[in-house]
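>>> Just a sequence and a predicted model for now, questions to come.
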Amino acid sequence: MPDDFYATLGVSRTATADEIHQAYRKLARQYHPDLNPDSDDAKKKFQEIQQAYETLKDPKKREMFDRYGSAYDSMGGGGPGGGWRPHPGSGGQGFSGFEEFDLGDVFGAGGGGAEGAGGFSDLFRQFTRKQQRRGAGPGPGGGGGATGANVEHELQVPFRTAISGGHAQLTVRRRGGRVETIDVKIPAGIDDGKKIRLKGQGEPGTGGSSPGDILITIRVAPHPAFQRHGLDLIVKVPVTLQEAVLGAKIDVPTPKGTISLTLPPGTSSGKRLRVKGHGVSAGEKSGDLFAELQIVLPEQVDPRLQETLKEIGAGPNPRSSLVW
């Protein structure tokens, strides 16, 4: 395995996904085994190019490679997938069809450039048909191919959607540059880091085999007032000094609607009021809501209030038990 995948593709460590893809296409044209059938060096170079591209095009694998270098697969990052391998029955000389390597993407669907309309495009269409006939077998749809690869994505959803459920849009870039938008159903109560599987929507299979799946890792966006701890929710609720001293009824929003809470007189800032069953609902289980009260003073304190407080006095030292 090369020590530096960036050097293999001839790009900088800050290269964008498009720059990496363009470098891959250029090198693949040059070293493709079917264009260099008698060159073992070209086959080896093509394998290295494939390994580098399969790693750097995947954000997770690229992050692991940036952190650990070429030994990243031993750290749990997973080795680079794909690559060149001989086609069964080809004597080790041919490329394994076009399932692992999108020649149309590399050489261009129209076969333009110096070759013109009758260049690479016609050559590889003929080669594809030949390889498909050679590899045809008793499998479903007349082919002996492999199941399509799974595709992994991350999807950020709003905090409210993760708690109450709903829908989100996932944009997927398919082979050949086609962009597809998929509607994803978000189950109520899903937590950050959990996965959703979309069966049959990954990479297409070969020779009539079934397609892979899309595996979505959910990332929950933060909420300005609510926090989640397991199935419980904590909400910071601002109250006035008057409400805290004299007591009051206040309205608090929850995932199940707005509720009314009673503040007892003399409520201190930081006190939590528990509301059973108004937390996160996941299946048959529901957590609780904890309203954490925060006394908010006005920017300009009324002089009469200041005088009243002076008359009352400071009272017992609230920090008497505070020790190191």
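In hand now; what should we look at?
>>> So, low pLDDT: which residues of the protein?
Scanning the chain for pLDDT under 70 picks out 1-2, 70-145.
>>> Show me the helices in it, by range?
5-9, 17-31, 40-56, 59-68, 103-107, 120-135, 159-164, 241-246, 303-312 (DSSP state H).
>>> Adding distance to residue 171 and mean neighbour count as columns, could you present the ones you listed in CSV?
Heads up, the C-betas are built off the backbone N, CA and C, glycines and all. Shown next, in CSV, are those (distance: least, C-beta to C-beta, whole Å; neighbours: other C-beta atoms under 10 Å):
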stretch, distance to residue 171, mean neighbour count
helix 5-9, 25, 21
helix 17-31, 14, 16
helix 40-56, 20, 20
helix 59-68, 14, 16
helix 103-107, 19, 19
helix 120-135, 29, 15
helix 159-164, 17, 19
helix 241-246, 47, 15
helix 303-312, 56, 10
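>>> With distance to residue 151 as new columns, can those be given to me in a markdown table?
Converted to a markdown table, those look like this (distance: least, C-beta to C-beta, whole Å):
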| stretch | distance to residue 151 |
| --- | --- |
| helix 5-9 | 20 |
| helix 17-31 | 15 |
| helix 40-56 | 13 |
| helix 59-68 | 12 |
| helix 103-107 | 16 |
| helix 120-135 | 23 |
| helix 159-164 | 22 |
| helix 241-246 | 53 |
| helix 303-312 | 62 |
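>>> my read: residue 219 touches residue 153, true?
No - between residue 219 and residue 153 there is no contact under C-beta atoms under 8 Å: 10.6 Å.
>>> Same drill for these two, tell me which one is more crowded.
Higher neighbour count among residue 219 and residue 153: residue 153, with 17 against 13, using other C-beta atoms under 10 Å.
>>> Just to check, the more buried one is in contact with residue 172?
Yes - contact between residue 153 and residue 172 holds when scored by C-beta under 8 Å: they sit 6.9 Å apart.
>>> what do the two both touch?
residue 214 (C-beta atoms under 8 Å, 6 or more residues apart in numbering).
>>> between the helices of the chain, which gets nearest to residue 289?
Nearest to residue 289, of all the helices of the chain, is helix 159-164, at 11.1 Å by C-beta to C-beta.
>>> Tell me which residues are up against the closest one.
The contact list for helix 159-164, computed with C-beta under 8 Å, 6+ apart, reads 166-168, 186, 188-192, 218, 220-223, 226, 228, 233, 255, 280.
>>> Surely residue 292 touches residue 270?
Yes - between residue 292 and residue 270 there is a contact at 6.6 Å, judged by C-beta under 8 Å.
>>> These two: who's more crowded?
Each of residue 292 and residue 270 has its neighbours counted (other C-beta under 10 Å); residue 292 has more, 14 against 10.
>>> Which residues are in contact with that one?
234, 235, 236, 237, 270, 271, 272 are the contacts of residue 292 under C-beta under 8 Å, 6+ apart.
>>> and which of those residues is nearest to residue 158?
Taking C-beta to C-beta as the measure, residue 235 is the one of those closest to residue 158, at 16.0 Å.
>>> How about that closest one: what's its closest non-neighbour residue?
Spatially, and ignoring its direct neighbours in sequence, residue 235 is nearest to residue 226 (5.0 Å; C-beta to C-beta, 6 or more residues apart in numbering).
>>> returning to what we had before: take the contacts of residue 292 and keep only those in strands.
Judged by DSSP state E, the contacts of residue 292 include 234, 235, 236, 237, 272 as members of strands.
>>> The second one: neighbouring residues, count only.
What it means is residue 235. Neighbour count of residue 235, defined by other C-beta under 10 Å: 18.
>>> quick one: it from residue 166, how far?
20 Å (C-beta to C-beta, to the nearest Å).
>>> Ok, the first one next?
With the distance defined as C-beta to C-beta, residue 234 ends up 22 Å from residue 166.
>>> Check the fourth one too.
Between residue 237 and residue 166 the distance, using C-beta to C-beta, works out to 25 Å.
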